[in-house]
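Novice: Give me the fold of what follows.
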Amino acid sequence: MINKKHMPNTHNYFVYILQCADGSYYVGVTNDLEVRLEQHQIGYDPKSYTFTRRPIVLKYYQRFTLIEQAIEFEKQLKGWSRKKKEALFDENWEEVKRLSNLKKK
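Specialist: Take a look at the predicted model:
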């Protein structure tokens, strides 16, 4: 019998980037991407960043099984420049790498 107490608790978590109507980007994390996108689109929370910037468009998402990894990646993306996020959307890994190296200097 498997001892579930010692097994990692894995689920689906998503880090996502939205493009808002004003052209800005919003980075978030959720365990239900479809529901969260609908909440952003309908203006579920009047205090949220996206409420006055609708409609929104999903530009990127990545799935994780561990929430800690998702939160870490979300924080990382929030620190990225606009150009670096756009290189990610295009899957232009050379440009992502180049822009990462520029910041280190």
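
Novice: Only C-alpha atoms from now on, for both contacts and neighbour counts.
Specialist: Fine.

Novice: So the closest residue to Phe64 other than its chain neighbours versus Arg63, what's the distance?
Specialist: Leaving out its chain neighbours, the residue that sits closest to Phe64 by Cα to Cα, 6 or more residues apart in numbering is Tyr13, at 5.0 Å. Distance, Tyr13 to Arg63, using Cα to Cα, to the nearest Å: 6 Å.

Novice: Okay, and the beta partners of the residue sitting nearest the centre point of the chain?
Specialist: Nearest to the mean C-alpha position of the chain, by Cα atoms, centre = their mean, lies Tyr16 at 2.5 Å. Beta-bridge partners recorded for Tyr16 (DSSP bridges): Gly28, Tyr61.

Novice: Please compare Tyr13 and Arg63 by neighbour count and tell me which comes out ahead.
Specialist: Counted by other Cα atoms under 10 Å, Tyr13 and Arg63 do not tie: Tyr13 has more neighbours, with 21 against 17.

Novice: Just list the residues touching the more buried one, thanks.
Specialist: Residues near Tyr13 by Cα atoms under 8 Å, 6 or more residues apart in numbering: 29-32, 63-67, 70.

Novice: mind redoing it with 6 Å?
Specialist: Contact analysis of Tyr13 by Cα atoms under 6 Å, 6 or more residues apart in numbering lists 30-31, 63-65.

Novice: Return the subset of the residues you listed lying in strands.
Specialist: Taking DSSP state E as the definition of strands, the contacts of Tyr13 contribute 30, 63-64.

Novice: I'd like the residues you listed as JSON lines, with pLDDT and distance to Tyr49 appended.
Specialist: Output for the ones in strands among the contacts of Tyr13, formatted as JSON lines (pLDDT from 0 to 100; distance: Cα to Cα, whole Å):
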{"residue": "Thr30", "pLDDT": "97", "distance to Tyr49": "15"}
{"residue": "Arg63", "pLDDT": "97", "distance to Tyr49": "22"}
{"residue": "Phe64", "pLDDT": "96", "distance to Tyr49": "24"}
